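Enquirer: what's the 3D shape of this:
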Amino acid sequence: MLDAPVRIEIHGSVALLLVDNPPVNATSLAVRRELLAAIETAEQDAAIDALVIACAGKTFIAGADVREMDKITADPILPQVVQRIEDCTKPVVAAIHGTALGGGCEIALACHGRLMAPESSMGLPEVKLGLIPGSGGTQRLPRLVGLVAALDIITSGRRVTAAEALSLGLVDRIAGTDLQADAIALARSLAGAPLRRLSQLPVPAADAASVEAAIAAIKKKARGQSAPVVAAEIIRLAAELPFAEALARERAAFLDLIASDQSKALRHAFAAERAVTRVPHLEGVVPHAVESVGIIGAGTMGAGIAVAFADAGFPVTVVETSAEAAEAGRGRVASLWDRQVKSGRITQDERDDKLARVRVVQDYAELSDADLIVEAAFEDMAVKHAIFAKLAAIAKPGAVLASNTSYLDINAIAAGHARPADTIGLHFFSPANVMRLVEVVEPQAASKEAVATGVAVAKKLGKIPVVCKVCDGFVGNRILASWRAIVELMLEDGAFPEEIDAALEAYGMAMGPFAVSDLAGLDIALARRKRLAATRDPAARYPSAIADRLCEAGRFGQKTGAGWYAYKDGKRAVDPFVTQLIEEVAAEKGIKRRPFPAETIQRYVRAAMVNEGARILEEGIVPRALDIDVVLMTGYGFPSWRGGPMFEADQIGLAAILSDMRDVFGFVGKGYEPAPLLEALAARGKGFADLPLEADA
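Expert: A predicted model of the protein is given here:
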């Protein structure tokens with residue numbers, strides 16, 4: 001049947017089993033059934049000497065069908081199909097193009113021969129969904145490539161290129177121009193010879209110290225995520241237990257993990273990253289074509305943005321204020337690629353090709369043909385107004401004008417020149433050529449086409465765009481400012497920076513807030529405090545008295561050798577000066593300090609995040625809780641295995657979050673009242689995933 005998910009094509013004495021299940025040939029229940037039946041049919045056909053498993057479309061089997069997680073245990077389960085492939089009495093060859101991921105990789109491992117198209121890749125990325133390979137991947141892969149390589153591949157979830165796969169022995173050869181023809185030839189060559197079944201091979205001998213060091217590094221890097229640690233332990237069993245026994249342990253661990261909160265959270269994160277780019281009010285809107293890009297400023301952010309665009313193939317023109325600044329900007333852009341050459345990520349020729357796409361000039365008129373211009377200048381409203389007035393005069397009709405501001409009012413920026421409909425925000429995160437998040441900020445006067453252009457361009461850069469309305473700090477920095485104020489007030493009330501950092505790193509964040517502040521520079525937050533000083537509520541507790549004193553002492557973080565911590569030879573250390581300063585400020589304010597256990601710190605920070613997220617939803621800054629989750633996970637180091645603060649709040653229950661927020665309000669006071677939306681949802685036993693509620697809610 002032409003529309004069947006698996007078809008058999010006969011090529012002489014070889015049966016080609018063609019999986020055709022768009023868009024990614026996922027191992028749905030129908031595919032599993034049809035593939036199993038096809039193997040049995042071909043094996044029983046006396047005219048067939050060998051089999052090839054190949055796929056239609058752009059890719060080999062690229063994993064499970066996430067829409068069928070409830071059917072993952074329906075017969076035939078994937079381990080049965082995989083084992084049946086390996087047990088086949090006739091040779092089976094995998095012809096891999098595109099990607100062979102997850103179950104697709106495990107199917108390939110069960111085959112007796114494997115070859116890959118030159119640009120294809122393989123991988124077992126289950127840890128990214130809070131899982132481990134559940135169909136023999138943890139046991140067959142180490143038998144083929146060794147324990148240390150298998151630990152790296154499986155616990156990182158990374159993809160292995162065809163060249164690396166060949167060097168590891170993961171595949172037999174790389175195909176030429178006709179993958180299927182080469183696979184058929186390989187299958188014919190294996191007919192009649194003893195078959196190489198990986199389950200029957202011993203695990204190659206490995207240095208025990210190297211294995212233990214690799215596992216220790218995996219546990220340290222996991223930062224609370226279970227799946228990589230479980231995977232490492234199950235992989236080690238390949239060298240300790242008979243195949244069948246270790247396989248049973250693998251399957252049991254897989255089923256335990258699929259029911260875990262962490263896997264549910266990571267599956268939410270996976271789905272949310274895809275859903276966030278589908279913006280309801282932009283459906284059907286056609287973005288402007290963008291073929292050339294201009295950037296204002298070649299500082300740290302401007303250089304990173306230029307590299308991001310050039311990496312995506314765009315010609316880029318950067319404008320600087322002087323010949324000296326232009327020369328420094330060129331060097332800054334080049335240095336970002338030079339680091340990649342040094343690390344082996346790109347070649348010198350690739351670096352030169354990318355750099356050739358970037359011009360750094362001094363004349364705004366050079367941007368007259370640009371389709372998109374991104375302003376990445378100093379965070380000062382007067383500077384922004386002056387720049388956009390020039391851009392409005394020289395940019396061609398239809399060009400989109402974007403500001404990379406982190407906090408400033410883009411409505412005001414747009415209103416200050418003649419082209420507000422063309423003006424949006426594109427808030428990149430540092431380093432802009434690395435970080436995946438871009439907040440696409442939609443001012444009141446912006447055309448939908450301009451906003452849709454921002455989304456489309458971010459996607460072309462390989463980034464995740466989150467569309468939001470205008471407010472101070474947009475989504476991410478607004479939430480950051482809210483919970484940062486909480487932890488700074490905890491310092492006055494009894495905590496120390498190292499205790500808060502340790503608590504939040506244990507929660508799963510890559511770095512604690514005070515270590516991050518030292519890395520970014522305390523002067524960055526100081527500038528924002530000065531900008532907002534006139535609008536600060538005098539009745540509310542001021543959270544930054546200690547930070548202000550540090551800045552007065554010239555302690556701006558790592559760049560000055562001291563901030564919240566002391567730095568000597570690049571190493572961070574607790575500083576008695578800071579400890580004494582905190583106690584002095586508390587005494588001056590008459591505050592009786594008390595201890596803050598790590599679990600309390602974590603609960604209060606989470607409550608502050610969720611409460612501010614609820615206010616953002618109330619105000620319509622974003623339409624969905626998942627928008628907030630994606631911003632926090634991709635831009636601010638929130639652990640993805642928790643699914644984002646709003647998802648986690650739903651899992652915990654909003655009544656518990658509301659109780660924590662009331663505790664926060666109890667010691668912070670004005671400005672930290674529980675959000676009305678949080679109170680309403682908790683009272684009704686609902687969650688953020690239930691929004692929008694009916695009109696009479």
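
Enquirer: start and end of stretch 388-402, how far apart?
Expert: Start-to-end span of stretch 388-402 (Cα to Cα, to the nearest Å) is 9 Å.

Enquirer: distance of the closest residue to Ala239 other than its chain neighbours from Pro194?
Expert: Closest residue in space to Ala239, ignoring its immediate chain neighbours: Val203 at 4.4 Å, by Cβ to Cβ, 6 or more residues apart in numbering. Glycine gets a C-beta too; all of them are placed from N, C-alpha and C. Using Cβ to Cβ, to the nearest Å, Val203 is found at 20 Å from Pro194.

Enquirer: between those two, which one's more packed in?
Expert: Val203 (21 against 8; other Cβ atoms under 10 Å).

Enquirer: that one contacts Arg236, correct?
Expert: No. Judged on Cβ atoms under 8 Å, Val203 makes no contact with Arg236 at a distance of 9.7 Å.

Enquirer: can you list contacts of the lowest-mean-pLDDT helix or strand in the chain?
Expert: None of the helices or strands of the chain scores lower by mean pLDDT, DSSP states H and E than helix 522-532, at a mean of 85. If you take Cβ atoms under 8 Å, 6 or more residues apart in numbering as the criterion, helix 522-532 is touched by 379, 407, 472, 481, 484, 517, 544, 547-548, 550-551, 555-557, 563-564.

Enquirer: show me the two of the residues you listed that sit farthest apart.
Expert: Spatially, the most separated pair among the contacts of helix 522-532 is Asp472 and Arg555, at 26.3 Å (Cβ to Cβ).

Enquirer: the two: which has the busier surroundings?
Expert: Arg555 (22 against 14).

Enquirer: for this protein, what are the low-confidence residue spans?
Expert: Low-confidence segments of the chain, defined by pLDDT under 70: 1-2, 70, 694-697.

Enquirer: CA atoms only: put the helix or strand hosting Ala414 into PDB for me.
Expert: Element membership for Ala414 (DSSP states H and E) is helix 410-415. Output in PDB follows, covering the C-alpha atoms of helix 410-415 (Å, rounded to 0.1, in the frame of the first residue of the first chain):
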ATOM      1  CA  ILE A 410      10.100  51.000  23.400                       C
ATOM      2  CA  ASN A 411       6.700  52.700  23.100                       C
ATOM      3  CA  ALA A 412       8.500  55.900  23.900                       C
ATOM      4  CA  ILE A 413      11.400  55.100  21.500                       C
ATOM      5  CA  ALA A 414       8.800  54.400  18.700                       C
ATOM      6  CA  ALA A 415       6.900  57.600  19.400                       C
END
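
Enquirer: now tell me what touches it from outside.
Expert: 381, 384-385, 388, 403, 405, 420, 423-425, 441, 443-446, 470.

Enquirer: try stretch 376-392
Expert: 295-297, 299, 301-302, 305, 364, 367, 373, 375, 401, 403-409, 412-414, 416-419, 423, 428, 527.

Enquirer: mind giving me the PyMOL command for buried ones among those residues?
Expert: The following PyMOL line selects those of these that are buried, judged by 16 or more other Cβ atoms under 10 Å:
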select buried, resi 295+296+297+299+301+302+305+364+367+373+375+401+403+404+405+406+407+408+409+413+414+416+417+419+423+428
